[in-house]
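Trainee: Model the following, please.
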Amino acid sequence: MKIVGVGASNKMLTEEAISAIKSAPVIYGSKRAITIASSHIQSETHEIDFKHLDEIPDDAVVLSTGDPMLSGLGTLLKGEVIPGISSLQLACARLKIDLTSITPITAHGRDIEESKKIILDEITRKKQLFILPDPKKFGPIEISETLLKAGYERPITVLENLGYENERIIHGTTKNPPEPKTLLYVIVVE
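Mentor: The predicted structure follows:
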């Protein structure tokens with residue numbers, strides 16, 4: 001099995017990823033991952049049912065959006081991992097932030113109280129935060145409220161649709177948080 005990072009958009013596919021996709025006997029992935037790689041797919045595709053990951057055949061290529069090791073399928077499946085360009089890398093490039101100065105945190109699909117605790121633990125270390133939010137439950141407003149309650153007023157940036165034509169960067173603060181217009185976004189707290 002190969003777990004292939006398809007990047008944040010179709011413009012972000014690496015040559016190694018394209019080669020693995022083209023030679024795959026069968027491909028599994030989310031609808032978005034399959035769409036990103038669609039121009040290179042030459043075999044049958046199946047949308048992943050996350051409840052049945054253990055049923056994916058050993059010869060499959062599994063597509064993971066962004067990089068499989070950033071809150072992705074690379075941590076859940078056994079097999080060779082082919083990295084992709086992550087939203088973390090894109091966000092840091094767009095905002096000119098050194099990757100070694102930022103802490104990635106995922107709140108997507110995670111316990112909200114645990115996510116709040118991790119955010120507060122990291123902000124006390126004076127780190128910049130890259131957050132994969134849970135767009136419907138724990139976005140910039142909830143993150144800002146968490147930080148303000150703990151006494152932290154900080155710049156906060158929402159980066160929407162990274163890598164796409166309609167990419168948008170919205171700056172704000174924890175007192176006046178930016179409001180995303182899509183569910184495909186990440187957050188940076190400085």
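
Trainee: all strands of this protein, in order?
Mentor: 2-5, 26-29, 44-47, 61-64, 80-82, 102-106, 128-132, 155-160, 168-173, 185-189 (DSSP state E).

Trainee: for the first one, packing partners?
Mentor: In terms of contacts (3 or more C-beta pairs under 8 Å, 6 or more residues apart in numbering; DSSP states H and E), strand 2-5 is packed against helix 15-22, strand 61-64, strand 80-82. C-beta here means a position set from N, CA and C on the backbone, and glycine is covered the same way.

Trainee: Distance from the chain centre to the longest helix seen in the chain, please.
Mentor: If you go by DSSP state H, the chain has its longest helix at helix 112-123. Relative to its chain's centre, helix 112-123 lies at 18 Å (C-alpha atoms, centre = their mean, to the nearest Å).

Trainee: Show me what counts as buried in it.
Mentor: Buried positions in helix 112-123, judged by neighbour count with 16 or more other C-beta atoms under 10 Å: 115, 116, 118, 119, 122, 123.

Trainee: Which one of these is nearest to residue 57?
Mentor: residue 115 (34.0 Å; C-beta to C-beta).

Trainee: ranking the strands of the chain by burial, who's on top?
Mentor: strand 61-64 (a mean of 28; mean count of other C-beta atoms under 10 Å).

Trainee: Alpha carbons of that one, as CSV, please.
Mentor: What follows is strand 61-64 as a C-alpha-only set of coordinates in CSV (Å, rounded to 0.1, in the frame of the first residue of the first chain):
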residue,chain,number,x,y,z
VAL,A,61,-2.8,3.7,-3.6
VAL,A,62,-4.6,5.8,-0.9
LEU,A,63,-4.8,9.5,-1.6
SER,A,64,-4.5,11.9,1.3
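
Trainee: Tell me the strands beside that strand, with direction?
Mentor: strand 2-5 (parallel), strand 26-29 (parallel) (DSSP bridges).

Trainee: Out of those, which gets nearest to residue 87?
Mentor: Closest among those, using C-beta to C-beta: strand 2-5, at 11.1 Å.

Trainee: hmm, who's touching the closest one?
Mentor: Strand 2-5 is contacted by residues 14, 17, 20-21, 24, 37, 60-69, 72-74, 77, 79-86 when judged by C-beta atoms under 8 Å, 6 or more residues apart in numbering.

Trainee: repeat for stretch 157-172
Mentor: By C-beta under 8 Å, 6+ apart, stretch 157-172 touches 7-9, 11-12, 85, 87, 90-91, 94-95, 140, 155-156, 178-182, 184-190.

Trainee: re the thing from before, distance to residue 147 and mean pLDDT for the strands of the chain - can I get that in a markdown table?
Mentor: Formatted as a markdown table, the strands of the chain follow (distance: least, C-beta to C-beta, whole Å; pLDDT from 0 to 100):
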| stretch | distance to residue 147 | mean pLDDT |
| --- | --- | --- |
| strand 2-5 | 30 | 97 |
| strand 26-29 | 35 | 97 |
| strand 44-47 | 36 | 96 |
| strand 61-64 | 30 | 96 |
| strand 80-82 | 33 | 97 |
| strand 102-106 | 13 | 96 |
| strand 128-132 | 9 | 97 |
| strand 155-160 | 8 | 98 |
| strand 168-173 | 10 | 98 |
| strand 185-189 | 7 | 98 |
